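*Asks:* mind looking at a prediction? Sequence and model below.
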2 protein chains.
Amino acid sequence: MKVVKFGGSSVASASQLKQVTDILESDTDRRIVVVSAPGKRSDDDEKVTDLLIQIGESVENGKKDEKAYEKVLNRFREIIEELALPEETFTTIKERIDDGITMIEHKEPNGLDALKACGEDGTAIILSAFLTSRQHTASYVHPQEAGIFLKDEPGGALVLDESFDHLYELRKRDGVLVIPGFFGYTKEGKLITFSRGGSDITGSIVAAGVKADLYENFTDVDSVYCVNPSIVENPKEMKYLTYREMRELSYAGFSVFHDEALIPAFKKRIPVCIKNTNNPEAPGTMIVADRKDTDGDVVGIASDDGFITIYVSKYLMNREIGFGRRLLQILEDEGVSFEHAPSGIDDMSVILRETALSKEKEDIVLKRIKDELEVDTVEVERDMAMIMIVGEGMNQRVGVASKATQAFKNANVNLEMINQGSSEVSMMFGIHADGIEKAVRELYKVYFT
Amino acid sequence: MKVVKFGGSSVASASQLKQVTDILESDTDRRIVVVSAPGKRSDDDEKVTDLLIQIGESVENGKKDEKAYEKVLNRFREIIEELALPEETFTTIKERIDDGITMIEHKEPNGLDALKACGEDGTAIILSAFLTSRQHTASYVHPQEAGIFLKDEPGGALVLDESFDHLYELRKRDGVLVIPGFFGYTKEGKLITFSRGGSDITGSIVAAGVKADLYENFTDVDSVYCVNPSIVENPKEMKYLTYREMRELSYAGFSVFHDEALIPAFKKRIPVCIKNTNNPEAPGTMIVADRKDTDGDVVGIASDDGFITIYVSKYLMNREIGFGRRLLQILEDEGVSFEHAPSGIDDMSVILRETALSKEKEDIVLKRIKDELEVDTVEVERDMAMIMIVGEGMNQRVGVASKATQAFKNANVNLEMINQGSSEVSMMFGIHADGIEKAVRELYKVYFT
């Protein structure tokens, strides 16, 4: 049994949905389908989810954005007409959108989440109807019915373990099952969504739950590139990747697959294949537990900006048992999540995402560090970027760091931070954000050309 | 006014003490002298402090080591006779040694510290007597009289701030003042010693207290070498170093100057000069607040073994606010001091000194990490070494890391850890201890030849 997930561009239009159906028909193992909301049909098009958010926010502000509302309805109406589906398909979708809007008007909790989820939900309703119209046994399965239970966490929704048992029951059902991605329910029956791109997570959870042989993630690229193609032209494609490699790459800017989507698949050891809806014959990129050729080569280069460094120095810091712990305690008290905390003898740096530290929080945190830890200096540096090179076995291979640092030198980019040794499969470099492109190009040169 | 400190080999014999006196006479600014215990006169000689420890432990075990006792007395007797000092000089020293032994026999707290301190004390008594016999105004000043007050901390004795005010009073006194190094007193009047080599600390505290123009630290080398001369033959000498550079080098194995000795001098901005007792005309190595030629070059390479790594991995670690803090809390609860804690996305390593983690503690710590943090894996790696390259401004210079990592590659030594970015003046590399010599030699090649 295969679980197949189609991304926004793969379900953006009737013709794309026909292509999706062809893909499903070409392999009867493709039994469960998870779908995103309709994405862009061209570069200047709008994503349905963006429109839904626009509507939701306008309703919150007391004046519904009728233009956006009509656009969403038209997107669905067009697809439904082109696929020659019964009028009730449209009515169902419209009702759910209207319900979401009403919830927001009545200031019900999670009204916005309910409205945002209508994009994926609409796609699922349409696809199941279309499959049925093509004489397949197919059904729409609501995430609550499927048993996707989540808990609301500060960092985003997390799946509850019991979901996997519920999902396993889906194996008993006949035909093709179509599940909308991106959302689930709390035990109290509240709809909650994952972060953007969360349909990848739904797909992974479902694949893990039904113990699929393969989780196919259809998107709009033939495979995952080893580096951001907007920085390096025609970069090398990756054929095989391990879960760990993919997770590290996703963390530092690889958006082709959702950062956390890998976890459920990883935990149940379900192989993942990233494929192209418009070129389904291409082998794609396989993400697996083990890769045969893990010879320490770098398989990918990721880069991400938007980082901040807090630098603290204090004489005899290394004599003070508990200093590092107390610094991290301050961050925790203030609800500030940090990424790394490398330390020297009398110095310590904390690296965070800019999104984790508002200006107000920054003032509070710095004051507390000064007052409570009696440090000699505390400084904040903004506009930092992280570049990550990733490859299984690289921590056991002599010379990997040497190549990388040579590339930074060639790019004339100063290394503000090197973090190597904590991870077995990656090496991380901190630089000023303006050096990203130069550095990534030089890294690509030394590792891939 | 200069404060001058003479190390063990500089006061090992009568002829060395004459040389010390010549040095004092050649510069009347040298007003305060801090001395160590008599060290080795030749490679197969014994240090007086080692003998005193032997005696102390034998007394603790119920049977005084008479042989060691005689050896110590003979060392002092020989020096006193050769310098033609009055018999009472010897009597005073012997009395203090016997007092220390009696304290241990009576199981008085700090008896062993009192006995250990007799080496430095004896040297100070002898040197002040010898200066007096040469018609100088000179006096022995007991650390308690000088006002060197310490507090007992888990990591070793720390000086109390009020000591500096007491010491400043010494400026009012005439002639040359001779102070034994290595020990001070608690506010309750208990004698406590610094860690081994602690006379450097006494000298630095005194220099800071009297606000000396210079703190001269006489030892048995012409200057500080940029790398361990037992690994690289005839290495380059360092003329100028900053406090920060010296402190980082000392931390990772440079034994020429005590790791913590620099702090008092640093705090009061007293320049330090490392000189050779047997070649006092050589300029030595100056340790100062600022160095003119801080152009990002590496000035020294230090290396030290005896490190352990605890590696922890857990999926979604970076989503768990407080994970790092809780890991460090466990170490703190168990009284385990750590050196560094680099972290990845789902991994974290803690690097500690082997001395900080006994086998029993290791079992407790690992169990707590497993049980309380619910990690996926926790592993311990022993026989790790740290190599540090040091130089002001290196964090702002492109290509420093590239040279270093090239050297490790040339040495065919795998980098287990790179820690760069936390310190502005150093870069630290973790390797397996068996690679130290190869790596240091290659680093020396790339930076100094």
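*Replies:* Structure's in. What do you need? Because the structure is a prediction, the values reported are computed rather than measured.

*Asks:* residues contacting the residue sitting nearest the centre point of chain A?
*Replies:* When chain A is reduced to its mean C-alpha position, the closest residue under CA atoms, centre = their mean turns out to be A:His258, at 2.2 Å. For A:His258, the set of contacting residues under the criterion of CB atoms under 8 Å, 6 or more residues apart in numbering or on different chains consists of A:Phe194, A:Ser195, A:Gly197, A:Gly198, A:Asp200, A:Ile201, A:Ser250. Every C-beta, even on glycine, is put in place using the N, C-alpha and C of the backbone.

*Asks:* now swap in A:Ala401 and tell me
*Replies:* If you count contacts by CB under 8 Å, 6+ apart, then A:Ala401 has A:Ile418, A:Gln420, A:Met427, B:Ala401, B:Thr405, B:Phe408, B:Lys409, B:Leu415, B:Ile418 around it.

*Asks:* same thing with A:Ser9?
*Replies:* For A:Ser9, the contact set (CB under 8 Å, 6+ apart) comprises A:Gln16, A:Gly39, A:Lys40, A:Thr219, A:Asp220, A:Thr277.

*Asks:* distance of the nearest residue to the last one once chain neighbours are set aside relative to A:Asn276?
*Replies:* Across the structure, with CB to CB, 6 or more residues apart in numbering or on different chains as the measure, the residue nearest A:Thr277 apart from its sequence neighbours is A:Ser10 (3.8 Å). Separation of A:Ser10 from A:Asn276 (CB to CB, to the nearest Å) stands at 9 Å.

*Asks:* same question for A:Ile205.
*Replies:* Plainly put, A:Ile205 is 23 Å away from A:Asn276 if you go by CB to CB.

*Asks:* more neighbours: the two, which one.
*Replies:* A:Ile205 (30 against 16; other CB atoms under 10 Å in any protein chain shown).

*Asks:* can you confirm the more buried one is in a strand?
*Replies:* No. Judged by DSSP: H, G, I helix; E, B strand; the rest coil, A:Ile205 forms no part of a strand; its state is helix.

*Asks:* you'd agree it is up against A:Leu167?
*Replies:* Yes. When contacts are counted by CB atoms under 8 Å, A:Ile205 is listed as touching A:Leu167 (7.1 Å).

*Asks:* residues from the stretch 151-300 of chain A in reach of chain B?
*Replies:* A:Glu153, A:Pro154, A:Gly155, A:Leu158, A:Arg244, A:Arg247, A:Glu248, A:Tyr251, A:Glu260, A:Ile263, A:Phe266, A:Lys267 (CB under 8 Å from any CB of the partner chain).

*Asks:* export these to CSV and append columns for neighbour count and secondary structure.
*Replies:* Conversion of those to CSV gives the following (neighbours: other CB atoms under 10 Å in any protein chain shown; DSSP: H, G, I helix; E, B strand; the rest coil):
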residue, neighbour count, secondary structure
A:Glu153, 11, coil
A:Pro154, 8, coil
A:Gly155, 13, coil
A:Leu158, 16, strand
A:Arg244, 23, helix
A:Arg247, 27, helix
A:Glu248, 27, helix
A:Tyr251, 22, helix
A:Glu260, 25, coil
A:Ile263, 22, helix
A:Phe266, 20, helix
A:Lys267, 14, helix
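
*Asks:* which pair of these spans the longest distance?
*Replies:* Using CB to CB, the pair of these lying farthest apart is A:Pro154 and A:Arg244, separated by 24.8 Å.

*Asks:* sorry, back to before: so of the contacts of A:Ala401, which ones are in helices?
*Replies:* For these, membership in helices holds for B:Ala401, B:Thr405, B:Phe408, B:Lys409, with DSSP state H as the criterion.

*Asks:* any idea how far A:Ile389 is from the first one?
*Replies:* The one in question is B:Ala401. Plainly put, B:Ala401 is 14 Å away from A:Ile389 if you go by CB to CB.

*Asks:* one more: the last one?
*Replies:* Plainly put, B:Lys409 is 15 Å away from A:Ile389 if you go by CB to CB.

*Asks:* who has more neighbours out of those two?
*Replies:* Between B:Lys409 and A:Ile389, A:Ile389 has the larger neighbour count (other CB under 10 Å), namely 30 against 19.

*Asks:* so which strand or helix has that one?
*Replies:* strand A:377-390 (DSSP states H and E).

*Asks:* so where is the stretch 151-300 of chain A shaky, pLDDT-wise?
*Replies:* A:154-155, A:293-296 (pLDDT under 70).

*Asks:* which secondary structure state is assigned to the residue in the stretch 1-150 of chain A that chain B sits nearest to?
*Replies:* Across the stretch 1-150 of chain A, no residue is closer to chain B than A:Leu150, which sits at 13.9 Å (CB to the nearest CB). Here A:Leu150 takes the strand state, with states given by three-state DSSP.

*Asks:* measure it to A:Val159 for me?
*Replies:* Following CB to CB, the distance that separates A:Leu150 from A:Val159 is 6 Å.

*Asks:* next: A:Pro235.
*Replies:* For A:Pro235, the distance to A:Val159 (CB to CB) stands at 33 Å.

*Asks:* show me which of those two is the more surrounded one.
*Replies:* Taking A:Pro235 and A:Val159 together and counting by other CB under 10 Å, A:Val159 has the greater number of neighbours (23 against 19).

*Asks:* just give the nearest non-adjacent residue to that one, would you?
*Replies:* Leaving out its chain neighbours, A:Val159 is closest to A:Ile205 (CB to CB, 6+ apart), at 5.2 Å.

*Asks:* quick one: residues contacting the one you found.
*Replies:* Listed by CB under 8 Å, 6+ apart, the contact set of A:Ile205 reads A:Ile148, A:Val159, A:Ser163, A:Phe164, A:Leu167, A:Pro264.

*Asks:* which other helices and strands contact the helix or strand harbouring the fourth one?
*Replies:* Element membership for A:Phe164, per DSSP H and E: helix A:162-168. Contact analysis of helix A:162-168 by 3 or more CB pairs under 8 Å, 6 or more residues apart in numbering or on different chains; DSSP states H and E lists helix A:199-209 as its packing neighbours.

*Asks:* now list whatever residues contact both of A:Ile205 and A:Leu167.
*Replies:* Shared contacts of A:Ile205 and A:Leu167 (CB under 8 Å, 6+ apart): A:Ile148.

*Asks:* the helix or strand containing A:Gln54 to helix A:199-209, inter-axis angle?
*Replies:* Mapping A:Gln54 onto the secondary structure by DSSP H and E places it in helix A:48-60. Note on geometry: by axes from the mean of the first three to the mean of the last three CA atoms, to 10 degrees, helix A:48-60 and helix A:199-209 are set 110 degrees apart in direction.
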